[in-house]
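Novice: Fold the following and give me the result.
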Amino acid sequence: MSDMILRPFSADDTAWLIERHQTLYRRDEGFDDTFGPLVADILADFDAGHDPLRERGWIAEQNGARLGSIFCVDAGGGTAKLRLFLLDPKARGKGLGKRLLAICMGFARQTGYRDMVLWTHESHRAACALYAAAGWRLTESKPVHSFGVDLVEQSWRIDL
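Specialist: Take a look at the predicted model:
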């Protein structure tokens, strides 16, 4: 994926991000139609008031096709939060996830955050393995019923 570029998120990416999250999570996890609106709310909050010096989103693109995303947002108290980490299935297994995670964590470090947190589900095994390999620690795991399905929700943290 040497011709892959990582570029800043723009408002033009919003509809694509919502659709990809809704479609992929419905197909792969059985999520209901409440998931897309959650993604839309996250993006609306980001668009409405993010601090471009401390918060950023990236889109991975190849030959003009969007293949992934990752966001770093301020969680307060010197903590950054990783959000909206997504890889299109055709881009998985090629090192793109590792590259996106590295750019997001590097930005958080350079920006002066002391640590970083994220929220995910146990079923995202490849992503969880990537987090663990990068030094993240699982801090909480609990069964929940969200988006119409039973899940195991996880919280992860890393010192930067």
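
Novice: burial measure for the closest residue to M4 other than its chain neighbours, as a count.
Specialist: Leaving aside its sequence neighbours, M4 sits nearest to Q62 (Cβ to Cβ, 6 or more residues apart in numbering; 5.0 Å). For glycine as for every other residue, the C-beta is placed from the backbone atoms N, C-alpha and C. Applying other Cβ atoms under 10 Å, we find 18 residues neighbouring Q62.

Novice: sec struct for G57, please.
Specialist: Three-state call for G57 (DSSP: H, G, I helix; E, B strand; the rest coil): strand.

Novice: Now do the contacts for it.
Specialist: With contact set as Cβ atoms under 8 Å, 6 or more residues apart in numbering, G57 has these partners: P8, F9, D13, F46, S69, I70, F71, C72, L84.

Novice: Spatially, what comes nearest to V149 if we skip its sequence neighbours?
Specialist: Once flanking residues are discounted, V149 sits nearest to G30: 4.9 Å by Cβ to Cβ, 6+ apart.

Novice: go on, H50?
Specialist: Using Cβ to Cβ, 6+ apart, the nearest residue to H50 is V73, at 6.7 Å.

Novice: mind listing what's buried in whichever helix or strand W16 is part of?
Specialist: W16 is part of helix 14-29, with elements assigned from DSSP states H and E. Neighbour-count burial for helix 14-29, counted by 16 or more other Cβ atoms under 10 Å, picks out T14, L17, I18, R20, H21, Q22, L24, Y25, R26, E29.

Novice: Thanks again, I'm all set now.
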